[in-house]
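Colleague: Here is my input, please return the structure:
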Amino acid sequence: MRRKREIVEGQMFRKLGPGGGVWEVVAIRKDGMGTQHAQMKRADDPHTLKTLAVVTLLDPHQFEWLEG
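Modeller: The predicted structure follows:
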């Protein structure tokens with residue numbers, strides 16, 4: 001059985017593919033349907049923000065979790 005990884009503020013992720021970059025989770029929120037979303041800022045440009053579903057961050061084809 002796979003363990004569900006918890007996404008928390010401060011975690012860093014690398015977007016896979018061209019132009020991906022490194023992103024830091026700055027907030028976790030739930031929408032009206034209960035789906036969790038992560039607000040993220042780009043590590044090399046903190047003014048660039050994006051919000052996406054947590055399940056997207058957990059997709060190993062889209063993002064790589066950076067430890068430490």
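
Colleague: Can you tell me which residue sits nearest the middle of the chain?
Modeller: Among the residues of the chain, Leu57 comes closest to the average C-alpha position under Cα atoms, centre = their mean, at 4.5 Å.

Colleague: now that residue, nearest residue through space, not along the chain?
Modeller: In space, and not counting its chain neighbours, Leu57 is closest to Phe63: 5.1 Å by Cβ to Cβ, 6 or more residues apart in numbering. In this view, the C-beta of every residue, glycine as well, is placed from N, C-alpha and C.

Colleague: ok, now which ones touch that neighbour?
Modeller: Counting by Cβ atoms under 8 Å, 6 or more residues apart in numbering, Phe63 makes contact with 13-16, 23, 56-57.

Colleague: With Lys15 instead?
Modeller: Applying Cβ under 8 Å, 6+ apart to Lys15 gives the contacts 21-23, 62-63.

Colleague: Any of the residues you listed buried? List them.
Modeller: For the contacts of Lys15, a burial check counting by 16 or more other Cβ atoms under 10 Å picks out 23, 63.

Colleague: Would you check which pair of the contacts of Lys15 lies furthest apart?
Modeller: Val22 and Gln62 (13.8 Å; Cβ to Cβ).

Colleague: Output the contacts of Lys15 in JSON lines; the columns should cover pLDDT.
Modeller: Formatted as JSON lines, these follow (pLDDT from 0 to 100):
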{"residue": "Gly21", "pLDDT": "94"}
{"residue": "Val22", "pLDDT": "97"}
{"residue": "Trp23", "pLDDT": "97"}
{"residue": "Gln62", "pLDDT": "95"}
{"residue": "Phe63", "pLDDT": "96"}
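
Colleague: Quick one: the contacts of Lys15 as JSON lines, columns for distance to Asp45 and secondary structure too.
Modeller: Below are the contacts of Lys15 laid out as JSON lines (distance: Cβ to Cβ, whole Å; DSSP: H, G, I helix; E, B strand; the rest coil):
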{"residue": "Gly21", "distance to Asp45": "8", "secondary structure": "coil"}
{"residue": "Val22", "distance to Asp45": "10", "secondary structure": "strand"}
{"residue": "Trp23", "distance to Asp45": "10", "secondary structure": "strand"}
{"residue": "Gln62", "distance to Asp45": "20", "secondary structure": "coil"}
{"residue": "Phe63", "distance to Asp45": "18", "secondary structure": "strand"}
